[in-house]
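> only geometry, no sequence info:
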DNA sequence: TTAATCTCTACTAGTTTAATAGAATTTATA
DNA sequence: TATAAATTCTATTAAACTAGTAGAGATTAA
């Protein structure tokens, strides 16, 4: 399941994607339109900025805008940025790999292979959903 | 990601699936072999029992055994039993549906459709992984 | 009757989540 | 240059969740 934070991030990106090119959106406007607590949204937008998905302009008349094209931002990207691994266990993860401490041998693990299959299919599905594809629907 | 509990449940089921037919396994043996804290495993086995995946025999020489055939127990079943919804948000879930409180209109929600697509694909993948398929590998 | 086992309920330390608060910094413009 | 409007940064917090631990009770075989 997505965290509330990830869901808010998606809603914020959807908002930005629906603005005219070169338009800069204030946090306040996004928060109101997408129904997100403003101070929480501030943090989320900063995270999105650090993840290079949005850019910002500081000071008066500043705000946020999409940095990457909306058809280049996938659900997989956002999931990884906020909720981490897409795989069901760290030992089956591409980007967040970690060994299981309670696992005797990774090669002999009966679970890992199945979980990697799931990961591949879920990842493919999540990479197929972009901000652009969501806006179009 | 799977919780530790779900992972332990899977490991316990894999252990049970590898025993001879009609064999009854003690919690202690499963805990040792699968490297699971015994008292925690007790709770997990009870949950599996309440979920009708395993059966038990009480008293001396009692223990646990698979109730359903190992090719009928899917990763989706176990996920739902312990970690709940497979969908990424409750509003896109089949078995754990819940309306989003911060969502103005479900029909107009740009997210929901995409998340239902992911759900369908993930579910299909998870239903393709059974305890039997994991043991065979 | 006893030993071995499952069953049930309660408790707990630590972590994570979803915020909230407030001060600091940056920028446009009057 | 002062001010207003915005982002940026750091700290705090209440509530929920996770991963166990503890112990007593019920059941069964011998």
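Cool, got the structure. Just so it is clear, the structure is predicted and the values come from calculations on it, not from any experiment. Numbers count the residues shown, from 1 in each chain, chains lettered A, B, ... in the order given.
> Contact residues of chain A facing chain B?
Contacts of chain A with chain B, taken as CB under 8 Å from any CB of the partner chain, map to A:1-2, A:7, A:10-11, A:14, A:35-36, A:75, A:84-85, A:87-90, A:102-104, A:110-111, A:113-114, A:117-118, A:121-122, A:124-126, A:128-129, A:133-135, A:137. In short, each C-beta sits where N, CA and C put it, glycine included.
> anything in stretch A:32-44 sitting right up against DNA strand C?
Yes: interface with DNA strand C: stretch A:32-44 contributes A:37, A:39-40, A:42-43 (CB under 7 Å from any atom of the strand).
> Low-confidence bits of chain A, can you list those?
Judged against pLDDT under 70, chain A has no low-scoring part.
> now for it, which residue lies nearest the mean position of the chain?
Geometric centre of chain A, nearest residue: residue A:78, 1.0 Å, by CA atoms, centre = their mean.
> contact partners of the helix or strand where residue A:125 lies?
Taking DSSP states H and E as the criterion, the element that holds residue A:125 is helix A:110-128. Helix A:110-128 has contacts (CB atoms under 8 Å, 6 or more residues apart in numbering or on different chains) with A:74-76, A:79, A:86-89, A:91-94, A:106, B:7, B:10-11, B:14, B:75, B:117-118, B:121-122, B:124-126, B:128-129, B:133-135, B:137.
> helix or strand right after it?
Downstream of helix A:110-128, the first helix or strand assigned by DSSP H and E is helix A:131-136.
> List the buried residues in that next one.
Residues A:131, A:133-134 are the ones in helix A:131-136 that count as buried (16 or more other CB atoms under 10 Å in any protein chain shown).
> Next: stretch A:31-46.
In stretch A:31-46, counting by 16+ other CB under 10 Å, buried: A:31, A:34, A:36, A:41, A:44-45.
> Would you convert the residues you listed into JSON lines that also reports secondary structure?
Compiled in JSON lines, these are given as follows (DSSP: H, G, I helix; E, B strand; the rest coil):
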{"residue": "A:31", "secondary structure": "helix"}
{"residue": "A:34", "secondary structure": "helix"}
{"residue": "A:36", "secondary structure": "coil"}
{"residue": "A:41", "secondary structure": "helix"}
{"residue": "A:44", "secondary structure": "helix"}
{"residue": "A:45", "secondary structure": "helix"}
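> Which one of those is nearest to residue A:24?
Nearest to residue A:24 among the buried residues of stretch A:31-46 is residue A:45, at 12.1 Å by CB to CB.
> Quick one: neighbours of the closest residue to DNA strand C within chain A, just the number.
Nearest to DNA strand C in chain A, going by CB to the nearest atom of the strand, is residue A:59, at a distance of 2.0 Å. Number of residues near residue A:59 (other CB atoms under 10 Å in any protein chain shown) recorded here: 6.
> wait, is it part of a strand?
No: Residue A:59 is assigned coil when assessed by three-state DSSP, not a strand.
> Please report the distance of it from residue A:50.
19 Å (CB to CB, to the nearest Å).
> before we move on, what about residue A:9?
12 Å.
> Name the residue in the two with the higher neighbour count.
residue A:9 (26 against 10).
> got the contact list for the nearest residue to that one once chain neighbours are set aside?
Ranked by CB to CB, 6 or more residues apart in numbering or on different chains and with sequence neighbours excluded, the top spatial neighbour of residue A:9 is residue A:44, at 5.2 Å. Applying CB under 8 Å, 6+ apart, one finds that residue A:44 lies in contact with A:5, A:8-9, A:12, A:36.
> List just the nearest of those to residue A:25.
residue A:12 (8.9 Å).
> okay, now the closest one: neighbour count?
Taking other CB under 10 Å as the criterion, the count of residues near residue A:12 is 24.
> List the contacts of residue A:70.
A:13, A:17, A:130-132, A:135.
> That one in helix, strand or coil?
Assignment for residue A:70 (three-state DSSP): coil.
> Ok, residue A:65 next?
strand.
> Quick check: it vs residue B:36, distance?
Relative to residue B:36, and taking CB to CB, residue A:65 is found at 50 Å.
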